[in-house]
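>>> Have a look at this fold, sequence not included:
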């Protein structure tokens, strides 16, 4: 699992660099897509808060599911590497954009201790038209907690 985390970290660093530039390679998400993406992320965050690993894992894209294999592996990764996402106090959606071949939703997340992060959710549209979470990268908050 360490190898998978190393690969994902590299993807996240590249994503953060791409966010800064005007890198449209796909169409911007429609209003309907935006609403669906925000709904999926909200539902996963709520599942984390309830420790409902089955539901949280159900919102992961096939690539994430194949990397972690089981709900237990996925939840261990979230608990160990994504504590602000796992145990959030509040969250607010920010920009959403098409970056290269991905749609990325930015989310401001506050942890119970008052610390904050900016989460970049990589979203992937499935063949059936639904959206799934293909990754999440955490960065320093772009705004201060209040």
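Nice, thanks for sending it over. Computed from a predicted structure; not experimentally measured.

>>> Quick one: the strands in the chain, in order.
90-99, 102-110, 116-125, 131-139 (DSSP state E).

>>> and residue 60, how many residues sit next to it?
By other Cβ atoms under 10 Å, 21 other residues sit near residue 60. Where C-beta positions appear, they are placed from N, C-alpha and C, glycine not excepted.

>>> which ones are touching it?
Residues in contact with residue 60, defined by Cβ atoms under 8 Å, 6 or more residues apart in numbering, are 68, 74, 132-134.

>>> again, but for residue 140
Going by Cβ under 8 Å, 6+ apart, residue 140 touches 117-118.

>>> The nearest residue to residue 92 once chain neighbours are set aside: neighbouring residues, count only.
Of all residues not flanking residue 92 in the chain, residue 108 sits nearest, at 4.8 Å (Cβ to Cβ, 6 or more residues apart in numbering). Residues near residue 108, counting by other Cβ under 10 Å, number 17.

>>> Next: the one 10 residues further on.
Summarising burial for residue 118: neighbours were counted as other Cβ under 10 Å, giving 19.

>>> Can you name the residues bridging to it?
In this entry, residue 118 is beta-bridged to residue 108, residue 139, by DSSP bridges.

>>> so who does it touch?
Counted by Cβ under 8 Å, 6+ apart, residue 118 has contacts 94, 106-109, 138-142.

>>> burial measure for residue 59, as a count.
For residue 59, the neighbour count with other Cβ under 10 Å is 19.

>>> Not counting residues beside it along the chain, what's closest to it?
Nearest non-adjacent residue to residue 59, counting by Cβ to Cβ, 6+ apart: residue 44, 4.3 Å away.

>>> In contact with that neighbour, which residues?
By Cβ under 8 Å, 6+ apart, residue 44 lies in contact with 55-56, 59, 133.

>>> Of these - the most surrounded one?
Counting neighbours by other Cβ under 10 Å, residue 56 comes out on top of the contacts of residue 44 with 24 neighbours.

>>> what about the closest residue to it other than its chain neighbours, how many residues close to it?
The spatially closest residue to residue 56, leaving aside those adjacent along the chain, is residue 47, at 3.9 Å (Cβ to Cβ, 6+ apart). By the other Cβ under 10 Å criterion, the neighbourhood of residue 47 contains 17 residues.
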